[in-house]
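Novice: got a predicted model here, sequence first, then my questions.
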Amino acid sequence: MVNIVSRQALSAAATATNGFVARLCPHLAGAMVSTGHGDPDSRRLPASFSGAASSPDSSFTTPAPDVVRNIPRHGVCPMSNPKTIVSPALATAVRPYEEIPQPRGWPIVGTWIEAICNGVVTRIHEYIDMRYRQLGPIYREKLGKIDAVFLFDPKDVESVLQKEGKHPRHMIPEAWIIHREMTKKPRGLFFMDGEHWLSRRRVMNQLLLHPKTVPQFTERINETIDDLIDRWIRIKGPDSVVDKVEVEMFNWSIECIGTVLFDQRMGCLSDQRPADIQEFVHSIQEIFRTTMVLTMIPPKMAKFLGLPVWKKFLSSMDTSMQIARKYIYTSLDRVIDRMEKGETVNDVCSSILAHKQFDMDEVVRLTTDLFAGAADTVSNAMAWALYLISQDSQVQENIFNEVSAIVPGPDVVITTDMLKQMHYVKAVMKETLRLYPVVPFHTRYLEDDIAIKGYNIPANTLIMMGAYSMGRDEKTFEEPNKFIPERWLRARETMHPDERRDAHYAAIPFAFGPRCCVGRRLAETEMHMLLAKLIRRFKIEYAGDGPVDIDLRMITAPKQSIKLKFTERLVSAM
Ligand code: HEM
């Protein structure tokens with residue numbers, strides 16, 4: 001039997017039990033309450049799998065189990081939902097879902113019009129932040145097709161993730177599900193659930209999250225970075241400015257994932273970039289943009305009416321899948337060829353093939369989704385990091401000093417052992433993703449009811465945890481809107497363990513637990529290496545006309561193009 005309660009509900013229950021509650025229901029005296037922390041069924045990936053070992057904040061990623069209070073159990077209160085396993089005391093303390101605060105809406109349309117007027121499609125992070133400030137750390141709202149309860153307290157995020165079970169389930173946009181059904185083409189990990197997901201995920205964990213695998217790719221990642229630097233030296237104008245750094249980052253991240261998946265260069269960093277890669281970039285962006293629109297206009301209706309947004313969504317999905325598959329089939333042919341010749345192959349795709357557990361079609365599906373998942377995430381994270389550091393010369397000097405002390409020369413290949421020592425570089429990326437979480441909401445459906453802040457959230461309710469708002473919350477972070485990488489280094493020494501825990505759960509850009517991002521270790525390696533190599537070589541200044549805003553198309557992307565000036569450091573300084 002599992003006890004599902006939040007710490008807040010617990011304390012509410014604890015005060016309520018004595019006297020008043022006991023008079024109401026004789027069951028309630030001396031109930032067993034558990035925080036859930038430290039429950040034997042609270043499963044976590046081993047630290048090595050969640051990437052905790054290499055994290056600058058490894059003290060954050062493995063919080064110590066909380067105290068479990070055992071008080072004699074009296075059984076489940078008949079008032080509760082049969083699947084809500086809470087202490088009898090809580091059964092009265094917990095209020096029904098319907099009482100969770102919600103914004104006032106109009107009959108039938110609810111808050112739809114207000115949400116659209118507030119720019120919910122491209123600025124949903126601001127709209128939801130506004131609701132948080134208005135309604136508090138738990139509220140519920142129906143936004144088009146999304147009917148969810150929103151959470152903003154890191155302690156509640158922890159409670160939800162503690163209870164996500166063996167097969168955590170996240171939200172898949174309805175438009176994507178319809179597309180999958182229409183094309184009758186099953187997709188990769190992100191779309192799977194249950195045991196089917198777990199069996200595939202275990203294999204992918206071994207190939208991407210195991211500490212031993214990523215070091216095999218570091219030399220190739222280094223090469224892509226050297227090529228990017230050469231390219232920037234070639235293309236920067238007389239004023240040393242590179243335009244559209246976000247597009248450059250996209251091309252680089254495709255090049256990187258290409259070498260890791262297939263041990264093959266894609267040509268995205270050459271002067272004649274393949275035309276279809278540009279089309280791929282565009283279609284991925286359109287998928288995210290149209291999907292956002294299709295959360296406000298029911299996709300089934302948009303499909304039925306043949307609305308332009310639906311047509312655009314379909315064509316972008318099809319184009320991106322066709323291009324990804326074209327690359328993957330060509331690469332697979334080469335991989336198989338090399339394997340047949342007995343040549344050593346060292347890439348993720350051949351390792352999946354070597355597993356012999358999956359047929360060719362499944363290999364294509366798994367790799368296509370890795371390819372698509374990697375492209376827009378790493379590139380946007382890096383674009384934001386460069387935007388932030390380009391406005392802070394002190395942060396650049398700190399990076400430079402750290403990297404110079406660890407890496408013997410500018411042309412030396414950076415290894416994962418070197419990266420492990422780069423605490424400041426890691427803190428810069430952690431801080432970037434706190435301010436600009438590429439994935440602005442973490443979503444879960446739980447198998448059982450859960451009590452949060454004294455309210456019952458029924459099983460299978462969509463729970464959305466606001467990473468953007470939590471990352472910028474003054475309750476958790478001092479001067480929350482300032483870019484201060486040092487906060488992650490200081491935190492270990494100066495913060496109370498409870499505050500550290502809150503800071504950890506408020507900033508989990510890759511999510512946490514068994515369904516965390518499978519590409520985390522690879523993404524961090526790529527980003528830390530790029531940052532280290534770039535700052536070792538250049539001083540970077542922001543050359544744009546004004547601040548860059550967020551354009552939220554499911555992921556946190558820059559709205560305006562990012563222009564940067566690159567000045568080579570003197571050779572003697574490097
Ligand atoms: C800065 C870079 C990245 C960020 C911030 C990021 C973030 C995330 C997040 C938040 C999730 C959802 C986890 C959940 O539902 O709880 C996720 C899932 C996923 N990511 Fe990433 N990601 C990044 C890079 C990558 C890369 C490089 C790859 C590919 C190698 C990748 C592949 C995936 C896949 C396949 C999933 C679905 C996993 C599953 O459902 O089991 N991601 N990512």
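Specialist: Here it is on my side, so go on.
Novice: make it CA atoms for all contacts and neighbour counts henceforth
Specialist: Fine.
Novice: what's near enough to touch the nearest residue to R569 once chain neighbours are set aside?
Specialist: Nearest in space to R569, with sequence neighbours left out and distances taken as C-alpha to C-alpha, 6 or more residues apart in numbering, is F538 at 5.3 Å. Contact analysis of F538 by C-alpha atoms under 8 Å, 6 or more residues apart in numbering lists F566, T567, E568, R569.
Novice: of the residues you listed, buried ones?
Specialist: F566, E568 (16 or more other C-alpha atoms under 10 Å).
Novice: could the contacts of F538 go into a markdown table alongside secondary structure and pLDDT?
Specialist: As requested, the contacts of F538 are exported to a markdown table (DSSP: H, G, I helix; E, B strand; the rest coil; pLDDT from 0 to 100):
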| residue | secondary structure | pLDDT |
| --- | --- | --- |
| F566 | strand | 95 |
| T567 | strand | 95 |
| E568 | strand | 92 |
| R569 | coil | 90 |
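Novice: got a markdown table for the contacts of F538, with distance to the ligand too?
Specialist: Formatted as a markdown table, the contacts of F538 follow (distance: C-alpha to the nearest ligand atom, whole Å):
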| residue | distance to the ligand |
| --- | --- |
| F566 | 23 |
| T567 | 26 |
| E568 | 27 |
| R569 | 27 |
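Novice: biggest separation within the contacts of F538, which pair?
Specialist: F566 and R569 (9.3 Å; C-alpha to C-alpha).
Novice: so what's the residue at minimal distance from the centre of the chain closest to, chain neighbours aside?
Specialist: Nearest to the geometric centre of the chain sits F510, at 3.6 Å (C-alpha atoms, centre = their mean). Nearest residue to F510 in three dimensions, chain neighbours excluded: C517, at 5.1 Å (C-alpha to C-alpha, 6+ apart).
Novice: can you get me a residue count around that neighbour?
Specialist: Other residues near C517 number 18, with proximity taken as other C-alpha atoms under 10 Å.
Novice: check L388 too.
Specialist: Neighbour count for L388, taken as other C-alpha under 10 Å: 19.
Novice: how far does the one helix or strand it maps to sit from its chain's centre?
Specialist: Assigned by DSSP states H and E, L388 belongs to helix 360-389. From the chain centre to the centre of helix 360-389 is a distance of 11 Å (C-alpha atoms, centre = their mean, to the nearest Å).
Novice: pLDDT of it, averaged?
Specialist: For helix 360-389, mean pLDDT rounds to 90.
Novice: what does stretch 301-311 give?
Specialist: Summarised as a single mean, pLDDT over stretch 301-311 is 94.
Novice: by how many degrees do the helix or strand hosting V425 and helix 360-389 diverge?
Specialist: Per DSSP H and E: V425 is located in helix 423-435. Interaxial angle, helix 423-435 versus helix 360-389 (axes from the mean of the first three to the mean of the last three C-alpha atoms, to 10 degrees): 100 degrees.
Novice: could you list every helix and strand in contact with the following helix or strand past helix 423-435?
Specialist: As assigned by DSSP H and E, the chain's next helix or strand after helix 423-435 is strand 441-445. Helices and strands touching strand 441-445, as assessed by 3 or more C-alpha pairs under 8 Å, 6 or more residues apart in numbering; DSSP states H and E, comprise strand 462-466, helix 467-471.
Novice: using PDB, write out the CA atom coordinates for the last one.
Specialist: Taking Å, rounded to 0.1, in the frame of the first residue of the first chain, the C-alpha atoms of helix 467-471 are listed here in PDB:
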ATOM      1  CA  ALA A 467       9.700  25.000 -14.800                       C
ATOM      2  CA  TYR A 468       9.800  28.600 -16.200                       C
ATOM      3  CA  SER A 469       8.000  30.100 -13.100                       C
ATOM      4  CA  MET A 470       9.800  27.900 -10.600                       C
ATOM      5  CA  GLY A 471      13.200  28.800 -12.100                       C
END
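Novice: now the element after it, going C-ward?
Specialist: Following helix 467-471 in sequence, per DSSP H and E, is helix 486-494.
Novice: after that following helix, next one along is what?
Specialist: In N-to-C order, the element after helix 486-494 by DSSP H and E is helix 497-506.
Novice: for this structure, where's the lowest mean pLDDT among helices and strands?
Specialist: helix 22-24 (a mean of 27; mean pLDDT, DSSP states H and E).
Novice: picking up where we left off before, distance to H423 added to the contacts of F538, as a markdown table?
Specialist: Shown next, in a markdown table, are the contacts of F538 (distance: C-alpha to C-alpha, whole Å):
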| residue | distance to H423 |
| --- | --- |
| F566 | 24 |
| T567 | 25 |
| E568 | 24 |
| R569 | 22 |
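Novice: point out the most buried one among the helices and strands packed on strand 441-445.
Specialist: Ranked by mean neighbour count, the helices and strands packed on strand 441-445 are led by helix 467-471 with a mean of 28 (mean count of other C-alpha atoms under 10 Å).
Novice: about what we covered before: the helix holding L388 - contacts with which helices or strands?
Specialist: With 3+ C-alpha pairs under 8 Å, 6+ apart as the test, helix 360-389 has helix 245-262, helix 308-340, helix 348-354, helix 423-435, helix 520-537, strand 555-558 packed against it.
Novice: who wins for proximity to V149 among the ones you listed?
Specialist: Short answer: strand 555-558, nearest of the helices and strands packed on helix 360-389 by C-alpha to C-alpha, at 19.9 Å.
Novice: contacting residues around the closest one?
Specialist: 246, 288, 377, 380, 383-384, 436-440, 548-551.
Novice: and that strand, what's its mean pLDDT?
Specialist: 94.
Novice: ok, it: who's next to it in the sheet?
Specialist: Note on strand 555-558: by DSSP bridges, its sheet partners are strand 550-553 (antiparallel).
Novice: what does the strand it pairs with rub up against?
Specialist: Residues contacting strand 550-553 (C-alpha under 8 Å, 6+ apart): 121-125, 285, 288-289, 291-292, 556-559.
Novice: returning to what we had before: give me the common contacts of F566 and R569.
Specialist: Counting by C-alpha under 8 Å, 6+ apart, the residues touching both F566 and R569 are F538, K539.
Novice: now do the buried residues in stretch 132-147.
Specialist: Result for stretch 132-147 [16+ other C-alpha under 10 Å]: buried residues Y132, G136, P137, I138, Y139, R140, E141, K142, L143, G144, I146.
Novice: how about the stretch 301-450 of the chain: which residue is closest to the ligand?
Specialist: The nearest approach of the stretch 301-450 of the chain to the ligand comes at A374, 3.7 Å away (C-alpha to the nearest ligand atom).
Novice: check the burial of that residue by counting its neighbours.
Specialist: Neighbours of A374 under the rule other C-alpha under 10 Å: 21.
Novice: before we move on, what about R434?
Specialist: Neighbours around R434, by other C-alpha under 10 Å: 26.
Novice: tell me the pLDDT at it?
Specialist: At R434, pLDDT is 98.
Novice: just E279 next, same as before
Specialist: So, for E279, pLDDT stands at 86.
Novice: up against the ligand, what does this structure have?
Specialist: Contact residues, the chain versus the ligand (C-alpha under 6 Å from any ligand atom): 170, 189-190, 201, 369-370, 373-374, 377-378, 381, 438-439, 442, 509-511, 515-520, 522-523.
Novice: redo that, cut-off 5 Å
Specialist: Within the chain, the positions adjacent to the ligand are 189-190, 370, 373-374, 377-378, 509-511, 515-517, 519, 523 by C-alpha under 5 Å from any ligand atom.
Novice: and the angle for the helix or strand hosting I178 with helix 308-340?
Specialist: With secondary structure defined by DSSP H and E, I178 is part of helix 174-183. Angle, helix 174-183 to helix 308-340, by the same axes, to 10 degrees: 60 degrees.
Novice: quick check: next helix or strand after helix 174-183?
Specialist: Counting by DSSP H and E, what follows helix 174-183 is helix 194-204.
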